[in-house]
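1. sharing a model prediction with you, sequence too.
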Amino acid sequence: MLSTHQGTTEDASALVYLRPETAQGIFVNFPNIARSSRKKIPFGVAQCGKAFRNEITPKNFIFRTREFEQIEIEYFCKPGTDAETFESWLTEEQRFFTEVLGFSKEKVRFVEIPAEGLPHYSRRAGDFEYLFPFGWGEISTLANRTDYDLNAHMSLSKQDLSYFDPFDNTKYVPYVVEPSIGLSRLTLAAMCDAYDEVPGEEGTSKVVMRFAPAVAPIKVGIFPLVKKFSEQASALYDILSSHFVCEYDEAGTIGKRYQRADEIGIPYSICVEPENYDQGQVTVRDRDTGEQEVVRIDELVGWLRGKGC
């Protein structure tokens, strides 16, 4: 655990510790959250924040660092339902990585931790790993933490963190299933999975970032075919930018602009040209296939939503 001193002195009274995970604040606040939100078990609490680990050998860009962003979900469930809840989260995380983020299925795997290697607080646990260029690496941990954390806080604080179930009038300490994701590592995995090189001109190669539309930083590119049509393209940009993160570009040939859009991962590029625009239409290019489709302007938002943007 990393420690430092608060203030100008370095005596024992000023010693503070940097948290290695975000979870414990959720456990301490569990009864307040349950009462104020009026949620009934099962329910989860998610948090994203800074965490710190004393990594001996930081390496591989942002994969292993001493300071990182962590996402944790503490999903509270009734004792006896924890095994089923674990399986449900296992399926959901697999879907999240491969369908929502669009990771290649052959590059994502779940590695079960054998019983003899489980943490002392866990009944079952495993790691989701991604196949980085430097090899398999953990991007998420899924653990059945049982009621260990709440009981530990109750023991030390003498505060009651149990839950009264209104459905069967029982009182119990909930079990917790915890998906935990390293956001920095997940970002690196998304970049690695999206990166592609395709043949360019005269034996060169071009970079294409094939982000899934749901996670692409910029969803839509808007380009006038020629500069004299920039007013109409700007008007379209004003409409679409209220729904999506958009990029406007009028410099260079349309081919060069498509290439720049591919390099930053824009999934759909719109070309505003006189012939179609006068009919209330634009041409939309798909980054991954290169295919172009004519779409009505008044249907564009719904069309893009249907594509996952």
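-> Alright, I've got the coordinates.

2. how close does the residue nearest to residue 102 when sequence neighbours are not counted sit to residue 238?
-> Take residue 102 and drop its neighbours on the chain: the residue closest to it by Cβ to Cβ, 6 or more residues apart in numbering is residue 212, 3.0 Å away. Where C-beta positions appear, they are placed from N, C-alpha and C, glycine not excepted. The spacing between residue 212 and residue 238, counted by Cβ to Cβ, to the nearest Å, is 26 Å.

3. compare these two (neighbour count), which wins?
-> Neighbour totals were compared for residue 212 and residue 238, and residue 212 leads with 18 against 12 (other Cβ atoms under 10 Å).

4. how is this structure divided into domains?
-> 3-192, 200-306 (automatic domain parsing).

5. residue ranges in this structure under the pLDDT threshold?
-> Of all residues in the chain, those with pLDDT under 70 make up the ranges 1-2.

6. give me the longest helix you can find in it.
-> For the chain, the helix with the greatest residue count under DSSP state H is helix 82-95.

7. outside of that one itself, list whatever touches it.
-> When contacts are defined by Cβ atoms under 8 Å, 6 or more residues apart in numbering, helix 82-95 is touched by residues 42, 75, 77, 108, 110, 123-124, 126, 128, 140, 142, 144, 146, 175, 177, 179.

8. recalculate using a threshold of 10 Å.
-> With contact meaning Cβ atoms under 10 Å, 6 or more residues apart in numbering, helix 82-95 is reached by 42, 44, 73, 75-78, 81, 96, 100-101, 105, 108-110, 112, 123-126, 128, 139-140, 142-147, 174-179, 181.

9. so which of the residues you listed belong to strands?
-> 44, 73, 75-77, 108-110, 112, 124-126, 128, 139-140, 142-146, 175-179, 181 (DSSP state E).

10. what subset of those is buried?
-> The neighbour-count test (16 or more other Cβ atoms under 10 Å) marks 44, 73, 75-77, 108, 124-126, 128, 139-140, 142-146, 175-179, 181 as buried among the ones in strands among the contacts of helix 82-95.

11. re the thing from before, tell me the angle the longest helix of the chain makes with strand 175-182.
-> Computed by axes from the mean of the first three to the mean of the last three Cα atoms, to 10 degrees, the angle separating helix 82-95 from strand 175-182 equals 20 degrees.

12. my read: the residue nearest to residue 102 touches residue 287, true?
-> No: assessed by Cβ atoms under 10 Å, residue 212 is found out of contact with residue 287, at 11.0 Å.

13. which non-adjacent residue is nearest residue 67?
-> Leaving aside its sequence neighbours, residue 67 sits nearest to residue 52 (Cβ to Cβ, 6+ apart; 5.5 Å).

14. now do the contacts for that neighbour.
-> Residue 52 makes contact with 1-4, 17-21, 65-68, 70, according to Cβ under 10 Å, 6+ apart.

15. kindly report the same for residue 112.
-> Residues near residue 112 by Cβ under 10 Å, 6+ apart: 90, 118, 124-127, 142.

16. again, but for residue 230
-> Applying Cβ under 10 Å, 6+ apart, the residues near residue 230 are 223-224, 237, 248, 250, 272.

17. again, but for residue 13
-> Residues in contact with residue 13 (Cβ under 10 Å, 6+ apart) are 5-7.

18. hey, what's residue 209 bridged with?
-> Taking DSSP bridges as the rule, residue 209 bridges to residue 195.
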